[in-house]
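Peer 1: model this:
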Amino acid sequence: MSSETNIYNMKNQNKKNIYQKLHEACIQAGGVKKAEKVRGMHFNPLLHDAVQEKATQALLDQGLYVTCNYLTEVVESRNMVMVICTMRVHDIDDPKSFIIIDGCTAMGGLDKYGTGQAMSYSRKYAFLNALNLKTGMDLEDGYNATPFQQNSSEKSVEEPTYLDDEVNVEDIIKDISDTTTARQLSAVKDLVRDQVMYLKKNNLKAFEQVMKHTREHEVKLNNNQQ
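Peer 2: Numbering: from 1, shown residues only. From the prediction side, this is the model:
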């Protein structure tokens, strides 16, 4: 066997498959830092550009390239347009190898900006899902979280929190969870009402998640008071 053939075989043996590359990209990307608050905001936004920049660079460094297809549907009952993003991650070293990130949706208004905004939101969620990106006030947020106690009565939430650029969904859910009486819950609901109504118009998945969590927590509080 010639030395040239031997080197070729060694390269093939050391070649990573697409899942190994995606794993490396996930580790490299780590997390995305939320932006600073701006006037009138009560939360730190997670910007689409920051997510895309972090994710794209991590993927490119591993020889992975992303393309997106979008399906739009007008939801007449809500006077909104829904965009579904299907992201395909290609392995440039093996053109036949790819992974699909499917079902990332976002809502936009029926105006000249609505479809573009919904496309950006859905693409951001696809990047977050593809690399399991952590988000927080700094890049370490979420990495050293305290695990649930084995005998904890609280159930871990399997469904990921749907994020939004304009509304801090995580904070809303946390504020609701922190209430211990029906009166406290009612006060929090009044406090976040405008933000929840914004989600209803612009991010249906996040809105439904907040409403589901609120209903479950309200039932729990009512049961505790009986």
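Peer 1: Now do the biggest helix by length in the chain: distance to the chain's middle.
Peer 2: Scanning the chain for the helix with the most residues, using DSSP state H, yields helix 204-225. Centroid displacement of helix 204-225 relative to its chain, using C-alpha atoms, centre = their mean, to the nearest Å, is 21 Å.
Peer 1: average model confidence for that helix?
Peer 2: Helix 204-225 shows a mean pLDDT of 84 in the predicted model.
Peer 1: same deal with stretch 76-95?
Peer 2: According to the model, stretch 76-95 has a mean pLDDT of 90.
Peer 1: now stretch 135-147
Peer 2: So the average pLDDT for stretch 135-147 ends up being 48.
Peer 1: Restrict the longest helix of the chain to CA atoms and write it as CSV.
Peer 2: The C-alpha trace of helix 204-225 is given here as CSV (Å, rounded to 0.1, in the frame of the first residue of the first chain):
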residue,chain,number,x,y,z
LEU,A,204,-49.2,31.7,19.4
LYS,A,205,-47.1,28.8,20.7
ALA,A,206,-45.6,30.9,23.5
PHE,A,207,-49.1,32.3,24.3
GLU,A,208,-50.6,28.8,24.6
GLN,A,209,-47.7,27.7,26.8
VAL,A,210,-48.2,30.6,29.2
MET,A,211,-52.0,30.0,29.3
LYS,A,212,-51.5,26.2,29.9
HIS,A,213,-49.0,26.9,32.7
THR,A,214,-51.3,29.5,34.3
ARG,A,215,-54.3,27.1,34.2
GLU,A,216,-52.3,24.2,35.8
HIS,A,217,-50.9,26.5,38.5
GLU,A,218,-54.3,27.9,39.3
VAL,A,219,-55.7,24.4,39.7
LYS,A,220,-52.8,23.5,42.0
LEU,A,221,-53.4,26.6,44.2
ASN,A,222,-57.2,25.9,44.4
ASN,A,223,-56.5,22.3,45.4
ASN,A,224,-54.1,23.4,48.1
GLN,A,225,-56.7,25.8,49.6
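Peer 1: Buried ones in that helix, by neighbour count?
Peer 2: Neighbour-count burial for helix 204-225, counted by 16 or more other C-beta atoms under 10 Å, picks out 204-207, 209-210, 213-214, 217-218, 221. (Each C-beta comes from the backbone N, C-alpha and C, glycine too.)
Peer 1: can you check stretch 197-206 too?
Peer 2: Here stretch 197-206 shows 198-200, 202-206 as buried, counting by 16+ other C-beta under 10 Å.
Peer 1: what's the answer for stretch 80-95, then?
Peer 2: Here stretch 80-95 shows 80-87, 89-91 as buried, counting by 16+ other C-beta under 10 Å.
Peer 1: and it, how far out from the chain's middle?
Peer 2: So, by C-alpha atoms, centre = their mean, the centroid of stretch 80-95 is 15 Å from its chain's centroid.
Peer 1: For it, list the C-alpha coordinates in PDB.
Peer 2: What follows is stretch 80-95, C-alpha atoms only, in PDB (Å, rounded to 0.1, in the frame of the first residue of the first chain):
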ATOM      1  CA  MET A  80     -52.300  36.800  11.500                       C
ATOM      2  CA  VAL A  81     -49.900  35.000   9.200                       C
ATOM      3  CA  MET A  82     -48.200  31.900  10.500                       C
ATOM      4  CA  VAL A  83     -44.800  30.900   9.200                       C
ATOM      5  CA  ILE A  84     -43.400  27.400   9.600                       C
ATOM      6  CA  CYS A  85     -39.600  27.100   9.100                       C
ATOM      7  CA  THR A  86     -38.000  23.900   8.000                       C
ATOM      8  CA  MET A  87     -34.200  24.100   8.500                       C
ATOM      9  CA  ARG A  88     -31.900  21.700   6.700                       C
ATOM     10  CA  VAL A  89     -28.400  21.300   8.000                       C
ATOM     11  CA  HIS A  90     -26.000  20.000   5.300                       C
ATOM     12  CA  ASP A  91     -22.700  18.300   5.700                       C
ATOM     13  CA  ILE A  92     -20.400  19.900   3.100                       C
ATOM     14  CA  ASP A  93     -18.000  17.000   3.300                       C
ATOM     15  CA  ASP A  94     -20.800  14.500   2.500                       C
ATOM     16  CA  PRO A  95     -23.500  16.200   0.300                       C
END
